[in-house]
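S.K.: Sequence plus predicted model, see below.
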Amino acid sequence: MYRDGARKSIWQEEVRKFSAETDLSQIFDVAIVGGGITGVSTALKLQESGKKCIILEAANIGFGTTGGTTAHLNNFFDTTFNEAIRDFGLEKARLYAESGDDAIEMIEDRIHRYNISCDFTRKSAYLFALDEKQQEQLKNIVEGADKVGHEMSYVNETPFPIPFKEAVVIPGQGHFHPIKYIRGLCEAFIKLGGSVQENCLCEGHDEQKEYVVLKTSKGEIKAENVVYATHIPPGVNLLHFTNAPYRCYAMAFTLKNDRYPWALGYDLCEPYHYYRIQNIEGENLLIAGGEDHKTGHAEDTGECFSKLENYVREYFDVETVYYSWSSQYYEPVDGLPYIGKLPGSKERIFVATGFRGNGMIFGTLSSQILHDLIVTGESKYGNLFNPSRIKPIAGFSDFVKENATVAFDFVKDKIFKDKVESFSEIGEGEAKVIRYESESYALYKEIDGTLHLLRSTCPHAGCEVRWNSAELSWDCPCHGSRFNVNGKILTGPTTRNLQKVFPYQKHDP
């Protein structure tokens, strides 16, 4: 399986193509754009209800965040229950708490119904405070959980070799192998008559009275309803200003002493670290994650792996690093996901995004919400996660901060660039955004001297890309579009590649 980065994730051994010959001239009931957990789960749920569905995936199933997740299944979230109570009220916070339970039960039900072998296991989770500031945070988290009826209990010990001030245990959590899981969902979807088109880039849509015309790399495809399960849909709309892209980092280690903590673990650092175990081909591996930052806002993304590894080695007796990879998610300005009708659409286009670090849960929950909205017109969670919700207080300061950052990136990058007289000034293995003869370029030089020269302006909204040394990609700091060294799209919302000037072998102008 391929994914959206140069580094190999722990899940990538699972390789399977799902595309089959399909009559693309027919009108589908629902076209689902995106082949991660959100898109595949939603497609299956709708197909189960008798809808004629097609999944359109720009690369391959699992290419994006689902192929880079650490696959924790939690019924507590990055946005705490106290924060939800403060911003949305107690009643909605209780509904928010229910959503995690519902999602894990949905996953468990689908695994049993379709006999999916995906290493699903229920586990307890431990949340621990490492200092006095984190103790206050933990106290706040537990108070909020108590108000919404979510079980958290203080404990004196945890399975993790990390000194702590205070800790709580949260029963009923879980984890699984995300690619084995969505592979099973895809197989069930196809058996029910669903269609999958991989290598099918959706470039835009035209919402008409009776159906939506999707403009794709395989021609026009018509559907009565469209679901964008791509984080952010193409074009420029409200969601681009209420979500901020972030990168997260993960590594998988063997331990010398075989003392693997067979639970889920989370500290309250900023950004926090999280842990779980996965068995791959008979080998137990500790997966650790952390070092998150806004996309395009780290000077040296490779250093994020060094920091994470050093932090893990401080507490665990590490033997070997087997995998290191990164992935992308989106932070909503008011803390809750956006799941429902696309703002500004005419009722036929739906979206699901803003999951923070809880993508497996909210991707699954989206399948139920979007199914209900399309089939019946209403959902238990419809108002809570409505993408058009207006909260003048909740998230407003974050909205201003994130969009001020976007504006600053846009202006600053137009002004501050390295000027070079010759491409020989760029070292082998080095990448820079440069000015050359009054034009801006993204330049990467391979170890063998091959130059990859691209126009550096992201086609989505005109921001300037930045180099991601960890994944050998050009990342847009404004809305999260990403490109490989040849300018090919890795991650939307852009629908166009960076303009390629040339790959240039050992010559200077």
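M.R.: That came through, no problem. From a predicted model like this one, the values you see are computed outputs, not experimental measurements.
S.K.: and the lengthiest strand in the chain, which residues are buried?
M.R.: As assigned by DSSP state E, the longest strand anywhere in the chain is strand 318-332. Neighbour counts over strand 318-332 (16 or more other Cβ atoms under 10 Å) mark 318, 322-332 as buried. Yep, even glycine has a C-beta here, placed from its N, CA and C like the rest.
S.K.: Save those as JSON lines, and put in pLDDT and distance to residue 69 too.
M.R.: Listed next are the buried residues of strand 318-332 as JSON lines, based on pLDDT from 0 to 100; distance: Cβ to Cβ, whole Å:
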{"residue": "318", "pLDDT": "97", "distance to residue 69": "22"}
{"residue": "322", "pLDDT": "96", "distance to residue 69": "17"}
{"residue": "323", "pLDDT": "97", "distance to residue 69": "13"}
{"residue": "324", "pLDDT": "97", "distance to residue 69": "15"}
{"residue": "325", "pLDDT": "97", "distance to residue 69": "10"}
{"residue": "326", "pLDDT": "97", "distance to residue 69": "11"}
{"residue": "327", "pLDDT": "96", "distance to residue 69": "6"}
{"residue": "328", "pLDDT": "96", "distance to residue 69": "10"}
{"residue": "329", "pLDDT": "96", "distance to residue 69": "9"}
{"residue": "330", "pLDDT": "95", "distance to residue 69": "14"}
{"residue": "331", "pLDDT": "94", "distance to residue 69": "16"}
{"residue": "332", "pLDDT": "93", "distance to residue 69": "18"}
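S.K.: what's the most distant pair in those residues?
M.R.: Maximum pairwise distance among the buried residues of strand 318-332 (Cβ to Cβ): 34.8 Å, between 318 and 332.
S.K.: okay, the closest residue to residue 264 other than its chain neighbours: pLDDT?
M.R.: Leaving aside its chain neighbours, residue 264 sits nearest to residue 125 (3.9 Å; criterion: Cβ to Cβ, 6 or more residues apart in numbering). We have a pLDDT of 98 for residue 125.
S.K.: residues in contact with residue 125?
M.R.: By Cβ atoms under 8 Å, 6 or more residues apart in numbering, residue 125 lies in contact with 72, 74, 76, 169-170, 173, 263-266.
S.K.: And the residue nearest the centre of the chain, how close does it get to residue 480?
M.R.: With distances taken as Cα atoms, centre = their mean, the residue of the chain nearest its centroid is residue 329 (3.4 Å). For residue 329, the distance to residue 480 (Cβ to Cβ, to the nearest Å) stands at 9 Å.
S.K.: Residues in contact with both of those two, list them for me.
M.R.: Shared contacts of residue 329 and residue 480, defined by Cβ under 8 Å, 6+ apart, are found at 231, 245.
S.K.: tell me the secondary structure for residue 302?
M.R.: With DSSP: H, G, I helix; E, B strand; the rest coil as the basis, residue 302 sits in helix.
S.K.: who touches the lengthiest helix in the chain?
M.R.: Ordering each helix of the chain by length in residues (DSSP state H) puts helix 90-113 first. The contact list for helix 90-113 (Cβ under 8 Å, 6+ apart) reads 41, 44, 73-77, 81, 84-85, 88, 116, 118, 120, 144-145, 147-150, 172-174, 176, 181, 184-185, 188, 336, 358, 360-362, 364-365, 367-368, 380-381, 384.
S.K.: for stretch 136-146, same thing?
M.R.: Contacts of stretch 136-146 (Cβ under 8 Å, 6+ apart): 76, 80-85, 93, 97, 127-129, 151-152, 154, 166-168, 268.
S.K.: Does residue 163 touch residue 130 like I think?
M.R.: Yes. Using Cβ atoms under 8 Å, residue 163 is in contact with residue 130, at 7.3 Å.
S.K.: which of those two has more neighbours?
M.R.: Shown here are residue 163 and residue 130; by other Cβ atoms under 10 Å, residue 130 has more neighbours (18 against 8).
S.K.: Got phi/psi on the more buried one?
M.R.: Backbone geometry at residue 130, expressed as degrees, to the nearest 10, gives phi -100, psi -10.
S.K.: what's near enough to touch it?
M.R.: 162-165, 267-269.
S.K.: Could you find the closest non-adjacent residue to residue 243?
M.R.: residue 330 (4.3 Å).
S.K.: whoops, residue 183 was the one
M.R.: residue 16 (5.7 Å).
S.K.: Likewise for residue 122?
M.R.: Going by Cβ to Cβ, 6+ apart, residue 122 has residue 174 as its nearest residue, at 4.8 Å.
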